[in-house]
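heads up, no residue letters with this:
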DNA sequence: ACTCCCCCTTACGAAAAGGTAAGTACCGCA
DNA sequence: TGCGGTACTTACCTTTTCGTAAGGGGGAGT
């Protein structure tokens, strides 16, 4: 058993949803895939400044396992792997909408810095 | 400065919102305070089965610092401390609504166990 | 021949988060 | 006298998460 028992019994819906989005880059991955529909590994890598290859694959694998992203491998050389959101991934993104708006308000309130100004609308 | 630099520069609103709710018990604290309006420390403790006193105070302090909960100490003996949501706490809870609904759906989909059946509506 | 690109995997280690247990100070109750 | 209740704090340890660095296997560009 290589996997830790991450998906424990949940206390409420919030619990279950947070389990799936908690992870340093998962929110951004969701955002990238929602914005571009389909992205390859190296495109995601470039889209998430600072992510390591290890964390990116790790997060993508977990999100695939959670039924949020679809992974399609094209048997070519050089290899081409395309990621996209599943239906559940899209509905999750919609459910995150109000939370994102709240976060934007919070950033504005306390004048926190934002790294990429092109993404503050999310 | 005893506090670690938790509140980093954020990449997007989701980032900022998740920073505030990530923590093993914060979702539940939000839920409890929203449901009961006002709760004392020991009431919250009893309402969150399995939480330790350390984690409860730690989370409450962070949430206070983040402007989500209001802490009122009554100078009595024995001491009485009452916690309630601030306006920002209430709006955050509303923003979490769709996410909670998504989580409930997810639990239902994969038939995960739920600890407290009285709370699955959240 | 050399390097770069692609999509990873593995090993190692630091940092953060969380849990356990004990101590604090005061009071009411038996 | 001793226990329980209130609201914590502190020290210590384990678990989880994240990052860094290296390798791999094949092909295409220079």
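On my side now, so go ahead. These numbers were taken from a predicted model, which means no experiment stands behind them.

what lies in contact with stretch A:93-112?
Applying Cβ atoms under 8 Å, 6 or more residues apart in numbering or on different chains, the contact partners of stretch A:93-112 are A:17, A:21, A:27, A:30-31, A:34, A:85, A:114, A:120-122, B:7, B:9-10, B:12-18, B:20, B:88, B:91-92, B:94-99, B:101-102. C-beta here means a position set from N, CA and C on the backbone, and glycine is covered the same way.

out of those, which are inside helices?
A:17, A:21, A:27, A:30-31, A:34, B:13-18, B:20, B:88, B:91-92, B:94-99, B:101-102 (DSSP state H).

if we can go back for a sec, pull out the buried members of the contacts of stretch A:93-112.
Using 16 or more other Cβ atoms under 10 Å in any protein chain shown as the burial test, the contacts of stretch A:93-112 include A:17, A:21, A:27, A:30-31, A:34, A:85, A:114, A:120, A:122, B:7, B:10, B:12-18, B:20, B:88, B:91-92, B:95-96, B:98-99, B:101-102 as buried.

who's in contact with residue A:61?
Listed by Cβ under 8 Å, 6+ apart, the contact set of residue A:61 is empty.

quick one: residues in contact with stretch A:78-89.
Counting by Cβ under 8 Å, 6+ apart, stretch A:78-89 makes contact with A:30, A:33-34, A:37-41, A:44, A:60, A:63, A:67-74, A:93, B:106, all of which sit outside it.

buried members of those residues into PyMOL, please.
Selecting just the buried residues from the contacts of stretch A:78-89 in PyMOL takes one command, with 16+ other Cβ under 10 Å as the test:
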select buried, (chain A and resi 30+33+34+39+40+41+44+60+63+67+68+69+70+93) or (chain B and resi 106)
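
sort out for me which of the contacts of stretch A:78-89 are in strands.
Applying DSSP state E to the contacts of stretch A:78-89, the entries found in strands are A:38-40, A:69-74.

what is the nearest of these to DNA strand C?
Distance to DNA strand C across the ones in strands among the contacts of stretch A:78-89 (Cβ to the nearest atom of the strand) is lowest for residue A:40, with 4.0 Å.

who does the closest residue in space to that closest one that isn't next to it in sequence form a beta bridge with?
In this structure, residue A:40 finds its nearest non-sequential neighbour in residue A:82, 5.6 Å apart by Cβ to Cβ, 6 or more residues apart in numbering or on different chains. Going by DSSP bridges, residue A:82 is paired in beta bridges with residue A:40, residue A:72.

still on that earlier bit, and the ones in strands among the contacts of stretch A:78-89, which two are furthest apart?
Between any two of these, the greatest separation by Cβ to Cβ is 16.1 Å, found for A:69 and A:74.
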